[in-house]
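**Q** build me a model:
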Amino acid sequence: MPPRRKSDQAAPKPTSPTGKPTPGQPGQRNAADAADDVRAQGGDYLTTAQGLRLPDTDHSLKVGDRGPTLLEDFHLREKITHFDHERIPERVVHARGAAAHGVFESYGNAASVTKAGFLADKGRRTEVFVRFSTVLGSRGSADTVRDTRGFAVKFYTDEGTFDLVGNNMPVFFIQDGIKFPDIIHAAKPQPDREIPQAQSAHDTFWDFVSLHTEATHHVMWNMSDRGIPRSFRTMEGFGVHTFRLVNAAGDTSLVKFHWKPVAGVHSLVWEEAQIAAGVDPDFHRRDLADGIEAGAFLEYELGLQVMPDDGSDAFEGIDLLDPTKIVAEELVPVQLVGKLTLNRNPTNYFAETEQVAFHTGHLVPGIEVTNDPLMQARLFSYLDTQLTRLGGPNFSQLPINRPHAPVNDMLRDGMHQTAIHTGQAPYRPNSIDDGLPLVAAENEGGYVQVARKIEGSPVRANPASFGDHFSQPTLFYRSMSAVEQAHIVEAFTFELGKVYEQAIKERALAVLANVDTELCERVAAGLGLPAPTGVPAMDVQPSGALSQITGVPGPVAGRKIGVVADAASDLAGIATLTTAAAKLGVTVLVIAPVGGVLAKGRTKVTVDRTLLTARSIEFDAVVVAGGTSPTNDLKLVLLLQEAYRHCKALAAWGDGVGILQAAGIDAGAPGVSVGKSVSTAFTTELMSALALHRAWERSELVMASAVPPAR
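**A** Reported below is the predicted structural model:
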């Protein structure tokens, strides 16, 4: 326990930042007061920040109603001054984010590799806060840009806070953290015109990655469908680096962390991502918040790839300290060790999502870092960046960052200090404060690193094993399905088509020639350039775990179906479909020419979207209700054609089929369900199509060719 105060000492009354008495303190009048969150503002009257009630906040204090404003108007000065300082510096990277609270429950089977209690103890539940983000864009950029996504998890364990600060891709652009400013400067908007925003399709990015070929593997992931995830709930997460785990016996293992979404791994298609960026730039954060509010919680399983810690820092010829390399799941299967459920939205975006501070150095006993040079740099950078962004070293005292374990750190003072420290001796050993605080031995929960020998001469160099920049990009590309490969070709062709300097395009093609000959030839054809010759690896073994298109149906909870209807539609059929979908956690949204309520007899259906406000990107499937009046409304035609072009499930019953056909959609095409009514067979077929995410069989019919047609 910290030292007690002396008899002559006092401290500020224990009130909250908003002036409320804290629980159990005098001034709380009844049980209802104690149940309130003391961090929320209270009181029925408008006040100043000092609690002074105000009679007016719409008029400044002036000399007469037409005279100058008086300097003595303390309310005006306080209000304007606070407004002028409301913004804090946004993150240099990962500025655009969305977050949620949740809980992690351990399966208990990780005890063999780690003594970390939140992983080792079966059934232990640990509160978490998770922030998803894009990397390149500013806070005001769009959610659906092609980019890497941050997947950062703060575990509030009883042994201290552990932050697993990862991405939705298992590799990174660079091998050494000293290059991090360089890759970000290259990828950010170009400094002369500050464009393009949140995009890699420009000269400086491709100049950098074509010269630093260690980036090739990450570029392949970014140009794949992984760069445009459908939703946070259908996005994998990775710890990127190799960690060292220590069990209770002191045995060590090298591991890689994986987050496996229960809903499956799915992405947008490129046109869909572009439309969403303009029509609904908040697409991902809206989906996250709406899903949690509707009770369709986001779920992920935490997995470990466990490898021997034999001193080589390598496995099957793969350097485990190289953050541009993966270990294929066929070589080392992912062992699932716990489940993460995101079930609560933040109360206030700024206080929680914006002020949360993650740090790769927030560790707990049983989890250690390795000598990965990118990880080593992050151990410095993540702490350093908070000092400017959050105004000093006391950012851990912000509510969202506070540990859920006792803190007695001997750290003192600094900007925004909110703790009232007792005692006189913030050092140890001391003889004044009863020798406190004590230091903890390993068996008392102290964090003691495993002993390991470190030797060598100071050098600025990479090991030879870091020199293979192409075999794993080849592995990735050849593990993709034909559809996914076509998307990668399209992405490279689009991005390099935005590059102005011919030499950069040619150099990027030379890089691709060392990845895969066919890939290089297809991209070169789309650019109208000759394909250079390379030396791609020939002996790679494709990994099925890398492809998102499996043909295996997945969960449909959290999905949305748009139903096109009007006053003449079969409203009873809509009600039947809505009920059937709700049982599976699927939301049905009614789209009509105008808003309001559709009514037929005693049946009433609320219109959720109009043809003016709806766009295909919001829906995982679009259905035309029977009885809906035929129309030539171009907005309806666009809605249906986009859904068809994006390979989404489509359906219609009764004479609604004619509306599909009038939009040029073949009722017999893959992924299109039709029926006479909303029967069990009809809803089952629709839900089965929804579970497959997309009807990829029709992709060749709808994808624009990257290669100009022959004349």
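
**Q** who touches stretch 685-703?
**A** The contact list for stretch 685-703, computed with Cβ atoms under 8 Å, 6 or more residues apart in numbering, reads 230, 264, 266, 269, 481, 483, 486, 490, 549, 551, 553-556, 559, 561, 580-581, 584, 586, 620-621, 623, 644-649, 651, 669-673, 675. Heads up, the C-betas are built off the backbone N, CA and C, glycines and all.

**Q** among the residues you listed, name the buried ones.
**A** By neighbour count, with 16 or more other Cβ atoms under 10 Å, the contacts of stretch 685-703 hold 230, 264, 266, 269, 481, 483, 486, 490, 549, 554-556, 559, 561, 580-581, 586, 620-621, 623, 644-649, 651, 670-673, 675 as buried.

**Q** which members of those are positioned in helices?
**A** Applying DSSP state H to the buried ones among the contacts of stretch 685-703, the entries found in helices are V483, A486, E490, A580, A581, Y644, R645.

**Q** setting the sequence-adjacent residues aside, check what's closest to the fourth one.
**A** Right, A580. Nearest non-adjacent residue to A580, counting by Cβ to Cβ, 6 or more residues apart in numbering: T683, 4.5 Å away.

**Q** let me know the pLDDT of H421.
**A** Model confidence at H421, given as pLDDT, is 88.

**Q** from L436, how far off is the closest residue to it other than its chain neighbours?
**A** What sits nearest to H421 in space, not counting adjacent residues and going by Cβ to Cβ, 6+ apart, is R412, at 6.4 Å. Relative to L436, R412 is positioned 15 Å away (Cβ to Cβ, to the nearest Å).

**Q** these two: who's more crowded?
**A** The neighbour comparison of R412 against L436 (other Cβ atoms under 10 Å) goes to L436, with 16 against 11.

**Q** pretty sure the more buried one is touching T422, no?
**A** No - counting by Cβ atoms under 8 Å, L436 sits too far from T422 to count as a contact (10.2 Å).

**Q** overlap in contacts of those two?
**A** With contacts defined as Cβ under 8 Å, 6+ apart, the residues shared by L436 and T422 are P2, P3.

**Q** burial of the nearest residue to S465 once chain neighbours are set aside, as a residue count?
**A** What sits nearest to S465 in space, not counting adjacent residues and going by Cβ to Cβ, 6+ apart, is D319, at 4.0 Å. For D319, the count of nearby residues is 22 (other Cβ under 10 Å).

**Q** who touches V607 in this structure?
**A** Neighbouring residues of V607 by Cβ under 8 Å, 6+ apart: V590, I591, A592, V594, G595, G596, V597, L598.

**Q** recalculate using a threshold of 7 Å.
**A** Contacts here follow Cβ atoms under 7 Å, 6 or more residues apart in numbering; on that basis V607 touches V590, A592, G595, G596, V597, L598.

**Q** ok, now I549?
**A** Taking Cβ under 7 Å, 6+ apart as the test, what I549 contacts is S481, V483, E484, W696.

**Q** please enumerate the helices of the stretch 301-450 of the chain.
**A** With DSSP state H, counting those that start in this stretch, the ranges of helices along the stretch 301-450 of the chain come out as 349, 373-389.

**Q** so can I have JSON lines of these showing mean pLDDT and mean neighbour count?
**A** JSON lines is the format used below for the helices of the stretch 301-450 of the chain (pLDDT from 0 to 100; neighbours: other Cβ atoms under 10 Å):
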{"stretch": "helix 349", "mean pLDDT": "95", "mean neighbour count": "14"}
{"stretch": "helix 373-389", "mean pLDDT": "92", "mean neighbour count": "17"}
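
**Q** adding pLDDT, neighbour count and secondary structure, write the contacts of V607 out as a markdown table.
**A** Shown next, in a markdown table, are the contacts of V607 (pLDDT from 0 to 100; neighbours: other Cβ atoms under 10 Å; DSSP: H, G, I helix; E, B strand; the rest coil):
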| residue | pLDDT | neighbour count | secondary structure |
| --- | --- | --- | --- |
| V590 | 98 | 24 | strand |
| A592 | 97 | 24 | strand |
| G595 | 96 | 12 | coil |
| G596 | 96 | 10 | coil |
| V597 | 96 | 11 | strand |
| L598 | 96 | 20 | strand |
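
**Q** thinking V657 is in contact with G675, fair?
**A** No - the pair V657 / G675 is not scored as a contact, 8.7 Å apart, by Cβ atoms under 7 Å.

**Q** can you give me the distance of the residue nearest in space to the middle of the chain to S457?
**A** Centrality entry for the chain: nearest residue to the mean C-alpha point is F132, 2.5 Å, by Cα atoms, centre = their mean. Distance of F132 to S457, computed by Cβ to Cβ: 42 Å.

**Q** got any ranges where the chain has weak pLDDT?
**A** Within the chain, the ranges that satisfy pLDDT under 70 run 1, 8-11, 13, 15, 24-36, 704-711.

**Q** kindly recompute the last result at 80.
**A** Residue ranges of the chain with pLDDT under 80: 1-42, 701-711.

**Q** so is P2 in a helix, a strand, or just coil?
**A** coil (DSSP: H, G, I helix; E, B strand; the rest coil).

**Q** neighbours of it, how many?
**A** When neighbours are defined as other Cβ under 10 Å, P2 has 15 of them.

**Q** roughly how far does it sit from H421?
**A** Note on P2: its distance to H421, by Cβ to Cβ, is 8 Å.

**Q** same question, T324
**A** The spacing between T324 and H421, counted by Cβ to Cβ, is 45 Å.

**Q** what does R285 give?
**A** For R285, the distance to H421 equals 39 Å [Cβ to Cβ].

**Q** now Q190: phi and psi?
**A** Main-chain dihedrals, Q190, degrees, to the nearest 10: phi -70, psi 140.

**Q** what sits against it?
**A** Counting by Cβ under 7 Å, 6+ apart, Q190 touches H202, T204.

**Q** do the same with the one 3 residues further on
**A** Neighbour list for R193: empty [criterion: Cβ under 7 Å, 6+ apart].

**Q** doesn't it lie inside a helix?
**A** No - R193 sits outside any helix when classified using three-state DSSP, being coil.

**Q** of T324 and H421, who's got more company?
**A** With neighbours defined as other Cβ under 10 Å, T324 and H421 compare such that T324 has more, 24 against 16.

**Q** pretty sure the more buried one sits against H217.
**A** Yes - applying Cβ under 7 Å, one finds T324 in contact with H217, separated by 5.0 Å.

**Q** who touches both of those two?
**A** V171.

**Q** returning to that earlier point: any idea how far the residue nearest to A580 lies from A524?
**A** Distance of T683 to A524, given as Cβ to Cβ: 47 Å.

**Q** go on, L52?
**A** Taking Cβ to Cβ, one finds L52 at 71 Å from A524.

**Q** between these two, which is the more surrounded one?
**A** Regarding L52 and A524, a neighbour count based on other Cβ under 10 Å identifies A524 as having more, with 22 against 12.

**Q** so which strand or helix has that one?
**A** Assessed by DSSP states H and E, A524 sits inside helix 517-527.

**Q** surely T18 meets G43?
**A** No - with contact defined as Cβ under 7 Å, T18 does not count as touching G43 (9.0 Å).

**Q** looking at those two now, which is surrounded by more residues?
**A** Comparing T18 with G43 by other Cβ under 10 Å, the one with more neighbours is T18, at 14 against 11.

**Q** list the contacts of E301.
**A** So E301 contacts K260, V262, L336, K339 (Cβ under 7 Å, 6+ apart).

**Q** run a quick neighbour tally on the last one.
**A** Residues within reach of K339, counting by other Cβ under 10 Å, total 17.

**Q** that one bridge partners, please.
**A** Beta-bridge pairing of K339 under DSSP bridges involves E105, E301.

**Q** wait, isn't it in contact with E105?
**A** Yes - contact criterion Cβ under 7 Å: K339 and E105 qualify, at 5.3 Å.

**Q** can you point out the buried residues in stretch 685-703?
**A** Neighbour-count burial for stretch 685-703 flags 685-687, 689-696, 698-699, 703 (criterion: 16+ other Cβ under 10 Å).
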